[in-house]
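K.L.:
turn this into a model:
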Amino acid sequence: MALVFTPVSAAHAFVLPVLWFLQIGRLSEVATRETSDRVHYSTYSAYRALWRLWPSQLAAAMMLLWALALPLLARLAFGAQWLPLAGVLLGAGFLVLMAAFLGMLSKGKKLFEVFFFALTYANLNRVPFTDYLGAQWQTTSPIVIVLGMMAVFAWVSTWLRAHEARHL
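P.N.:
So this is what the prediction gives:
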C-alpha cells in the first residue's frame, strides 16, 4: 500500500528498494535451493533441466519482484515516465540474475545477502552508481550498463549451472 500512497519519487527511491530487500530470503535461494535441500541429483537429471527449469526459476523470481512493484509500475506508466519504468523492470531482472550469479559463484546464499544489503543501503543513501532501479536516471546510458551486467550475470551463472549439472 505504501507504493500507492507515497509520492512516486519517494516510492521509487525508498519504498521499492526496502520492499524488494524484504524478499532477500527468497532471492538468495534462487540458485542454491536444490543443493541446500539436497534434491539437485534428481533436479539436474530431469529432461533438459538447464533449458527448462533454470529459466523458469529465474522468471518466477522476476515475476515476484514485478508483482510487488505493480502499483509503482502502473503509476509510472500512467504518468508516462518511461525511463523510471524501464529502470524498475530492469532492476528486477538485475537483482534476480545477480542473486543467481553470486549464488552459483559462492555455492551459497550469504555472499548475495551481504552484497544486496550493501547495495540497498547505498541505494537508499542515493549513491549514484548503485542505482539499479532507475530512481536517479536522467539518460538512457545506465540502461546499457545494467543490461550489460545482466548479460554477464546470465551467461556466467548459466555456464556455472551447466558445469555443476555435468559434474555431479
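
K.L.:
the helix or strand that contains Ser56 - contacts with which helices or strands?
P.N.:
Assigned by DSSP states H and E, Ser56 belongs to helix 49-68. Contact partners of helix 49-68 among helices and strands, from 3 or more C-beta pairs under 8 Å, 6 or more residues apart in numbering; DSSP states H and E: helix 16-21, helix 24-27, helix 82-106, helix 141-166. For glycine as for every other residue, the C-beta is placed from the backbone atoms N, C-alpha and C.

K.L.:
return the most buried member of the ones you listed.
P.N.:
Stretch with highest mean neighbour count among those: helix 82-106 (a mean of 22; mean count of other C-beta atoms under 10 Å).

K.L.:
other SSEs contacting that one?
P.N.:
helix 16-21, helix 24-27, helix 49-68, helix 70-78, helix 110-124, helix 141-166.

K.L.:
for the ones you listed, which one sits closest to Ala10?
P.N.:
Comparison of those against Ala10 by C-beta to C-beta identifies helix 16-21 as nearest, at 9.7 Å.

K.L.:
gap between the most centrally placed residue in the chain and Phe117?
P.N.:
When C-alpha atoms, centre = their mean is applied to the chain, the residue found nearest the centroid is Leu95 (1.9 Å). Distance, Leu95 to Phe117, using C-beta to C-beta, to the nearest Å: 13 Å.
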